[in-house]
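[1] just coords:
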């Protein structure tokens with residue numbers, strides 16, 4: 001039996017613990033084993049030597065990697081920076097996981113798709129990223145698959161929380177300053193709370209840590225899964241919901257505009273909806289509706 005299964009404590013290494021998802025993972029994974037959370041100072045993911053050294057020192061049974069280059073527009077002019085964090089770092093983590101006999105949990109994005117499909121994307125749909133961020137995240141996925149390590153690649157979308165830089169915090173800031181905002185209404189997706197991502201990851205990993213045959217468990221479950229909140233809305237609908245739930249004392253008017261009226265350096269998919277059905281059928285977990293999660297987050 002591989003280490004980290006039933007009766008043996010898992011050693012879980014979490015990267016990027018100051019980020020939106022990493023911060024929540026550090027809390028959600030408590031109780032599943034020994035959790036070692038590292039920030040950028042403790043693990044510089046832009047340094048191949050640091051990655052190898054730290055992983056070999058910690059000897060994790062599971063590596064959970066939420067760290068990424070997520071500045072979508074900036075990535076258009078910083079391709080090398082995006083590649084270092086989104087391609088090279090996961091490739092090295094996967095290589096080290098394979099060497100150790102460990103598993104890698106890695107997060108990817110709806111932006112691997114072009115957004116032209118009318119219905120939610122499933123894991124087997126053709127990928128066609130339209131920006132540097134999406135392209136580098138897809139390359140990172142492919143590096144992990146090529147490594148042969150045990151893995152879960154969890155694609156999520158429209159991530160927000162009460163820390164870092166995200167749409168929720170931007171709207172709260174602008175809503176306090178202005179009486180009217182113009183927000184894109186023709187891009188559709190599922191706003192996903194960082195805590196939802198962390199909690200569902202923990203629900204999945206508890207199954208791995210309690211199995212009697214870890215080798216078989218990973219052999220049958222390694223792969224790509226979609227993990228977002230249930231339901232969908234536009235950016236405008238998301239903004240409206242934020243102001244409905246906020247304690248700003250006033251409610252700004254949210255004017256709908258087309259994406260063409262708000263040009264950005266990076267192209268974004270019109271349809272960012274991705275289906276969670278595979279995650280639900282494999283692990284028996286399903287995310288709450290995006291509105292329910294938003295209400296909880298804002299409480």
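    Everything's here; your move. Computed from a predicted structure; not experimentally measured. Numbers count the residues shown, from 1 in each chain.
[2] pLDDT on stretch 18-35, on average?
    Taken as a whole, stretch 18-35 has a mean pLDDT of 96.
[3] buried ones in that stretch?
    Across stretch 18-35, burial judged by 16 or more other CB atoms under 10 Å covers 19-26, 28-29, 32-33, 35. (Glycine included, C-beta is placed from N, CA and C.)
[4] Stretch 243-256 now?
    243, 246, 252, 254, 256.
[5] just checking, the last one touches residue 180?
    No. With contacts defined as CB atoms under 8 Å, residue 256 does not count as touching residue 180, sitting 11.9 Å away.
[6] any shared contact partners between those two?
    Shared contacts of residue 256 and residue 180, defined by CB atoms under 8 Å, 6 or more residues apart in numbering, are absent.
[7] Work out the gap between the helix or strand bottoming out on mean pLDDT in the chain and the centre of the chain.
    Counting by mean pLDDT, DSSP states H and E, the weakest-scoring helix or strand in the chain turns out to be helix 214-221, with a mean of 94. For helix 214-221, the separation from the chain centroid amounts to 22 Å (computed by CA atoms, centre = their mean, to the nearest Å).
[8] helices or strands next to it in the packing?
    Of the remaining helices and strands, those touching helix 214-221 by 3 or more CB pairs under 8 Å, 6 or more residues apart in numbering; DSSP states H and E are strand 150-156, helix 194-209.
[9] In the chain, mark out all the strands, start to finish.
    Secondary structure of the chain (DSSP state E): strands located at 10-14, 33-37, 62-65, 103-109, 150-156, 159-160, 180-184, 188-189, 192-193, 223-226, 233-234, 253-257.
[10] what comes into contact with the last one?
    The list of residues contacting strand 253-257 from outside it, by CB under 8 Å, 6+ apart, reads 179, 180, 181, 182, 183, 184, 185, 234, 236, 239, 240, 243.
[11] Sort out which of those residues are buried, if you could.
    181, 183, 184, 185, 234, 236, 239, 240, 243.
[12] Among those residues, which one sits closest to residue 286?
    Proximity of those to residue 286 was ranked by CB to CB; the top entry is residue 234 with 22.6 Å.
[13] The helices and strands packed on helix 214-221: which one's closest to residue 225?
    From these, taking CB to CB, the stretch that ends up closest is strand 150-156, at 5.5 Å.
[14] would you list the contacts of strand 253-257 in JSON lines and tack on distance to residue 290?
    Listed next are the contacts of strand 253-257 as JSON lines, based on distance: CB to CB, whole Å:
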{"residue": "179", "distance to residue 290": "26"}
{"residue": "180", "distance to residue 290": "24"}
{"residue": "181", "distance to residue 290": "20"}
{"residue": "182", "distance to residue 290": "22"}
{"residue": "183", "distance to residue 290": "16"}
{"residue": "184", "distance to residue 290": "17"}
{"residue": "185", "distance to residue 290": "16"}
{"residue": "234", "distance to residue 290": "12"}
{"residue": "236", "distance to residue 290": "14"}
{"residue": "239", "distance to residue 290": "13"}
{"residue": "240", "distance to residue 290": "13"}
{"residue": "243", "distance to residue 290": "15"}
